[in-house]
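>>> okay, here's the prediction I keep looking at, along with the sequence it came from:
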Amino acid sequence: DRIILGYSQYLDYLENMINNMISYQLNMIMKTLTEISIVLTIPAIIFGFWGIAVDGPFEKSSYGVFAVLIISVILSLICWFLLRRKTYL
């Protein structure tokens, strides 16, 4: 009986360890997806404001799309670096 009880406790500890590892992996996946969604929100907001049917900056110039794209990439990279530096991500 003592051997069976010890083996049962061992299996319980093993199950807890596996559950903890699965939870950790799920947390890391969710952290990565959150990071991606935060960083991609900035270009979405910029392109949304730029696409409104009112006069906006760079609208009449031939390089307007590239300028807005570069601005959104720079702001996204700044956001990503700040979040990494503050250890939020």
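On my side now, so go ahead. Keep in mind the model is a prediction, meaning the values are calculated, not measured.
>>> most centrally placed residue in the chain?
What sits nearest the mean C-alpha location of the chain, by Cα atoms, centre = their mean, is residue 35, with 1.7 Å.
>>> can you pull the pLDDT of it?
For residue 35, the model assigns a pLDDT of 84.
>>> right, and it touches residue 82 too?
No. Residue 35 lies out of contact with residue 82 (Cβ atoms under 8 Å); the separation is 11.9 Å. (Glycine included, C-beta is placed from N, CA and C.)
>>> in what helix or strand does the residue nearest to the centre of the chain lie?
According to DSSP states H and E, residue 35 maps onto helix 2-50.
>>> I'd like the next helix or strand past that helix.
As assigned by DSSP H and E, the chain's next helix or strand after helix 2-50 is helix 64-85.
>>> list the buried residues of that next one.
Of the residues in helix 64-85, 68, 71-72, 76, 79-80 count as buried by neighbour count, 16 or more other Cβ atoms under 10 Å.
>>> for residue 29, state which of those is nearest.
Nearest to residue 29 out of those is residue 80 (Cβ to Cβ; 17.9 Å).
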